[in-house]
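Participant: just coords:
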């Protein structure tokens with residue numbers, strides 16, 4: 001039943017019943033309003049909890065993606081030195097699209113038969129961006145990067161362009177910087193990029209503590225009622241805290257310790 005219709009029905013009953021029944025109905029309505037206020041307050045607390053968690057992870061994710069970008073550049077240089085490639089390219093500017101880098105067909109990128117994106121293009125396997133692409137695939141937990149979220153023309157100069165490969169496939173086309181990326185995006189990068197393995201004790205497991213935090217977040221985000229019970233709020237905040245406190249390198253970070261304290265206060 002629609003909540004507004006429900007309350008209208010209760011109000012109608014007040015005028016049609018005895019005094020004693022009226023008093024009981026009024027008491028019941030007050031209790032319902034208090035409950036509604038509580039679950040709405042819980043929803044707002046959950047929003048704040050997500051904000052605290054995102055804020056404590058942004059610096060970590062940016063720093064490690066910068067390191068990943070540097071490691072990738074070194075990998076490309078070393079790989080080219082051991083091949084017959086004519087020169088070492090550290091900052092390619094010749095690739096105009098992923099069709100210059102990815103073999104055809106590539107799941108999640110190629111379209112049509114024959115592929116309208118490649119249109120007969122052939123890839124030089126010793127090209128810097130091709131080697132970098134292979135490094136990205138190698139370091140993706142499932143070897144299935146999100147190619148639609150990255151721009152190959154920025155690979156040499158912008159570390160976050162590589163982070164896009166580890167974001168969810170849908171909903172992140174405009175996440176061109178860490179500041180544009182939400183908590184679900186950060187958790188996905190941590191889950192998918194091997195450089196973050198040290199921050200999740202059970203990273204290799206499909207349902208690890210970080211994945212549980214991501215699932216809890218998405219369950220909250222996609223709730224049609226925009227409400228949470230006390231128990232649901234406690235479970236949600238507890239799951240976020242478990243993720244932040246699950247490994248030594250993560251829980252030692254000052255930003256993370258501050259976030260855990262703030263999350264604990266929200267639970268009370």
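Facilitator: Nice, I can see it. Note that the structure is predicted; figures quoted are calculated from it, not measured.
Participant: give me the pLDDT value at residue 11.
Facilitator: The score at residue 11 is 48. That number is its pLDDT.
Participant: tell me how far the residue nearest to residue 180 when sequence neighbours are not counted lies from residue 192.
Facilitator: Distances taken as CB to CB, 6 or more residues apart in numbering put residue 174 closest to residue 180, at 6.3 Å, once the chain neighbours are dropped. C-beta: built from backbone N, CA, C; applies to glycine. Going from residue 174 to residue 192 by CB to CB, to the nearest Å gives 19 Å.
Participant: check residue 133 too.
Facilitator: Separation of residue 133 from residue 192 (CB to CB): 15 Å.
Participant: for these two, indicate the residue with more neighbours.
Facilitator: More crowded of residue 133 and residue 192, by other CB atoms under 10 Å: residue 133, with 26 against 21.
Participant: what's the weakest-modelled helix or strand in this structure?
Facilitator: helix 3-16 (a mean of 48; mean pLDDT, DSSP states H and E).
Participant: tell me the SS of the residue lying closest to residue 182 once chain neighbours are set aside?
Facilitator: Take residue 182 and drop its neighbours on the chain: the residue closest to it by CB to CB, 6+ apart is residue 54, 6.7 Å away. Following DSSP: H, G, I helix; E, B strand; the rest coil, we place residue 54 in the helix state.
Participant: ok, residue 54 touching residue 186?
Facilitator: Yes. Using CB atoms under 8 Å, residue 54 is in contact with residue 186, at 6.3 Å.
Participant: ok, these two, which is more surrounded?
Facilitator: Neighbour totals were compared for residue 54 and residue 186, and residue 186 leads with 24 against 19 (other CB under 10 Å).
Participant: wait, the residue nearest to residue 180 sits on residue 185?
Facilitator: No. Residue 174 is beyond contact range of residue 185, at 11.0 Å (criterion: CB under 8 Å).
Participant: avg pLDDT for the helix or strand harbouring residue 261?
Facilitator: Assigned by DSSP states H and E, residue 261 falls within helix 254-267. The pLDDT scores in helix 254-267 average 94.
Participant: repeat that for stretch 64-72.
Facilitator: 97.
Participant: go through that stretch and flag the buried ones.
Facilitator: Judged by neighbour count (16 or more other CB atoms under 10 Å), stretch 64-72 contains these buried residues: 64, 65, 68, 69, 72.
Participant: the strand or helix carrying residue 133: what's the following helix or strand?
Facilitator: Using DSSP H and E, residue 133 maps to helix 128-138. The C-terminal neighbour of helix 128-138 among helices and strands, as given by DSSP H and E, is helix 160-163.
Participant: helices or strands up against that next one?
Facilitator: helix 19-81 (3 or more CB pairs under 8 Å, 6 or more residues apart in numbering; DSSP states H and E).
Participant: go again using 10 Å as the cut-off
Facilitator: On a contact count with 3 or more CB pairs under 10 Å, 6 or more residues apart in numbering; DSSP states H and E, helix 160-163 meets helix 19-81, helix 128-138, helix 183-192.
Participant: look at residue 75 and say how many residues are nearby.
Facilitator: Neighbours of residue 75 (other CB under 10 Å): 16.
Participant: what pLDDT does the nearest residue to residue 79 once chain neighbours are set aside get?
Facilitator: Of all residues not flanking residue 79 in the chain, residue 131 sits nearest, at 4.9 Å (CB to CB, 6+ apart). The model reports residue 131 with a pLDDT of 88.
Participant: remind me which residues of the stretch 51-200 of the chain are low pLDDT?
Facilitator: 83-94, 99, 105, 109-112, 114, 116-126 (pLDDT under 70).
Participant: check which residues of the helix holding residue 133 are buried.
Facilitator: Result for helix 128-138 [16+ other CB under 10 Å]: buried residues 128, 129, 130, 131, 132, 133, 135, 136.
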